[in-house]
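Engineer: prediction below, plus the sequence it came from.
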Amino acid sequence: MSHPKSSIRRTVTAVIGALFVGGGLSACGADSGETAGPKQRVEIIEAAALTDQLAATDLDKPGASIGDLTVFSGDIRQDGREIGHGGGACQNIHIEGDEITMQCVLTAQLERGSLTMQAVWVQGASPLDMAITGGTGAYRGATGTARFWEIGTPDERMRAEVTLLTQE
C-alpha cells in the first residue's frame with residue numbers, strides 16, 4: 001500500500017517532537033534506596049520540545065519504504081524557558097501494510113551534559129518508551145527509560161527516570 005509523503009512527514013514530525021521531548025531534561029533528584037552494589041540516584045525529568053528543523057529523505061520507491069530517514073533538531077523547554085537543544089534521526093526499518101516501524105536515536109544537550117536515547121517505535125503507538133543509553137558530563141553513564149504520551153498533540157508529555165551512579 002502506498003503512503004502519501006505528506007502524511008508520513010506529519011506523523012514522523014509528531015513522533016520526532018515527542019522523541020525530542022525526551023531530551024528536555026530538567027529534574028529533581030530522588031534516592032533510589034539501599035542496594036548491595038554501587039549507590040545510585042534517580043532523577044525524574046519532565047519537559048517539552050519545539051522542532052525547528054526537519055528533513056525527510058525518501059529512498060527507494062516513492063512513499064514509505066525501508067531506509068527512509070527523517071532528521072530533526074529543536075529547542076528543549078520547560079515552563080516556556082529554553083533549557084537545552086538537540087536532535088536526532090528516525091529510519092524506517094519495517095513496513096507491513098499501514099504499520100511503519102522506525103529505529104530512532106537522539107541526543108539532548110543540556111546545561112549539565114548530554115543524554116542519548118534510543119527506541120524502536122511503531123507509528124501511532126502510545127505510550128512510547130525510549131531507553132536512555134548514556135550521556136556526558138553530569139549524565140555520564142546514565143541509564144533509564146523515558147516514557148511519552150499524547151505524541152504529536154498540544155498535550156504531549158514525557159516522564160523520564162534517569163539512573164545515575166553516585167560517588168558516595
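Structural biologist: Sure, I can see it. For clarity, every value in this text was computed on a predicted model and none was experimentally measured.
Engineer: where does pLDDT dip in this structure?
Structural biologist: Scanning the chain with the threshold set as pLDDT under 70 gives 1-36, 150-157, 168.
Engineer: show me where the protein has strands.
Structural biologist: 27-31, 40-45, 48-57, 69-78, 81-96, 99-110, 113-122, 128-135, 143-149, 157-165 (DSSP state E).
Engineer: make CSV out of the ones you listed and add distance to residue 63 and mean neighbour count.
Structural biologist: Backbone N, C-alpha and C define where each C-beta goes, glycine included. Converted to CSV, the strands of the chain look like this (distance: least, CB to CB, whole Å; neighbours: other CB atoms under 10 Å):
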stretch, distance to residue 63, mean neighbour count
strand 27-31, 40, 12
strand 40-45, 36, 17
strand 48-57, 12, 15
strand 69-78, 14, 19
strand 81-96, 9, 18
strand 99-110, 10, 20
strand 113-122, 17, 20
strand 128-135, 23, 19
strand 143-149, 26, 19
strand 157-165, 30, 19
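Engineer: distance of the residue nearest to residue 140 when sequence neighbours are not counted relative to residue 142?
Structural biologist: Closest residue to residue 140 apart from its sequence neighbours, by CB to CB, 6 or more residues apart in numbering: residue 113 at 6.9 Å. For residue 113, the distance to residue 142 (CB to CB, to the nearest Å) stands at 9 Å.
Engineer: who touches both of these two?
Structural biologist: residue 135 (CB atoms under 8 Å, 6 or more residues apart in numbering).
Engineer: circling back to that earlier point, for the residue nearest to residue 140, name its beta-bridge partners.
Structural biologist: Judged by DSSP bridges, the bridge partners of residue 113 are residue 110.
Engineer: ok, the closest residue to residue 91 other than its chain neighbours - contacts?
Structural biologist: Using CB to CB, 6+ apart and skipping the chain neighbours, the partner closest in space to residue 91 is residue 69 (4.8 Å). Residues in contact with residue 69 (CB under 8 Å, 6+ apart) are 56-57, 59, 89-92.
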